[in-house]
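A.B. asks: pasting the sequence and the predicted model now:
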Amino acid sequence: MSKRNETNASLKESLEIKRIQSEIAKNEEQRLKIQIEREQLQKIAALPWYKKKELYLSIGAAFIFVTLLWFYAEKLVIPMIRSDNIRLTVENERVRADLTRRQNEVDAKEQLFAAKNIEKLRELRAEYTIISAEEKELAARYKTLSISFAASRTAADGYRSQSESISKAVSLMENKIIELNARIASAEQEKNNARQPEKFSPSKADIARQIDAAIDQNRNEVLADLSTLAERAQRYYAKPVRLGGGGNSFLGLTADPSGLALLASTVFTDNANGTYTIKSAGKVTSIVLHGVGKKALRDGTFPSYDMTVTASTQTPSKLN
């Protein structure tokens, strides 16, 4: 048994040795193949660059690509670009022509406008020269009239003071005449009572009518004086500020003596007909004047009126 076992072990060893030898032989063959391939690769790598196959393949591929690209650009892209350039050139020429036409139109309009402005400026300068001459003439006239008006106002004040005294005397005389007529009528009535009693019976009514007539006359005088003040206020409204006026405004006519003095002196504002004041201070477009008469009514009061004045209207309103 021991011999058989030894024989078997030796066989296994020999088989194992053979197997190992065969593997060594295979490995040697593979090593030789790898060595050969390495030597070939080294030979290829050692070749000059211009003898390498890959270079020529790359150059050929690049040439083909460039040829195709050039064909595509020449046949498709370049015509498209040329057509776009032509279209853009035509469009630019059209836009340039349109802009030139519009510029010419604008230049023509500017020249026409400048010519009109020059002509208008000449007309305005001529008008300004005429207006300046007229203004100077008016200023000279106004100065002369102001001097004349000041002298006339002084004389008129003296005349008004005399007229006021005379008016008061006449008023007293009228009252005395009324009383004398009443006495005469009463005496004649008593004297001729038997023959003509009916002739002098309405004497009191006659006296009343005479008193009413005097009151109506005083009302008319108050309205006339208010109208005169209203006209002066309108002249103040229209007169330029540099000439002492309101410059299209009544604001300078205040409701006090200084504002009233711009319209008239105290001789006029407190005369035989009545007393006059500015009821409410002047606004831009209107002013209200107030007048009170001096003939007493039957209830002891006096006639009174307001006058609303604008630039072109005078509106009286009866208060009493």
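C.D. replies: Everything's here; your move.

A.B. asks: what is the burial count for residue 287?
C.D. replies: A count of neighbours around residue 287, defined by other CB atoms under 10 Å, yields 30. In short, each C-beta sits where N, CA and C put it, glycine included.

A.B. asks: neighbours of the nearest residue to residue 286 once chain neighbours are set aside, how many?
C.D. replies: Closest residue to residue 286 apart from its sequence neighbours, by CB to CB, 6 or more residues apart in numbering: residue 310 at 5.0 Å. Number of residues near residue 310 (other CB under 10 Å) recorded here: 16.

A.B. asks: again, but for residue 75
C.D. replies: So residue 75, with other CB under 10 Å, has 9 neighbours.

A.B. asks: list the residues that contact it.
C.D. replies: Applying CB atoms under 8 Å, 6 or more residues apart in numbering to residue 75 gives no contacts.

A.B. asks: tell me the SS of it?
C.D. replies: helix (DSSP: H, G, I helix; E, B strand; the rest coil).

A.B. asks: quick one: it from residue 69, how far?
C.D. replies: Look at residue 75 and residue 69: by CB to CB, to the nearest Å, they are 11 Å apart.

A.B. asks: again, but for residue 320
C.D. replies: Distance check for residue 320 against residue 69: by CB to CB, it reads 114 Å.

A.B. asks: do the same with residue 252
C.D. replies: Distance, residue 252 to residue 69, using CB to CB: 94 Å.

A.B. asks: is the closest residue to residue 260 other than its chain neighbours in a helix, a strand, or coil?
C.D. replies: Using CB to CB, 6+ apart and skipping the chain neighbours, the partner closest in space to residue 260 is residue 278 (5.5 Å). Of the three states, residue 278 takes strand under three-state DSSP.

A.B. asks: what sits against residue 278?
C.D. replies: 253, 254, 255, 256, 259, 260, 287, 288, 289, 290.

A.B. asks: tell me what it is bridged to.
C.D. replies: residue 289 (DSSP bridges).

A.B. asks: residue 271 - how many residues pack around it?
C.D. replies: 19.

A.B. asks: so it sits right up against residue 222, yeah?
C.D. replies: No. Residue 271 lies out of contact with residue 222 (CB atoms under 8 Å); the separation is 10.2 Å.

A.B. asks: hang on, residue 301 in a strand?
C.D. replies: No. Counting by three-state DSSP, residue 301 is not found in a strand; it is coil.

A.B. asks: what pLDDT does it get?
C.D. replies: pLDDT recorded at residue 301 is 90.

A.B. asks: next one: the one 4 residues further on
C.D. replies: pLDDT, residue 305: 96.

A.B. asks: strand partners (parallel or antiparallel) of whichever helix or strand it is part of?
C.D. replies: Using DSSP states H and E, the element containing residue 305 is strand 304-309. Strand 304-309 pairs in its sheet with strand 287-293 (antiparallel), strand 314-318 (antiparallel), by DSSP bridges.
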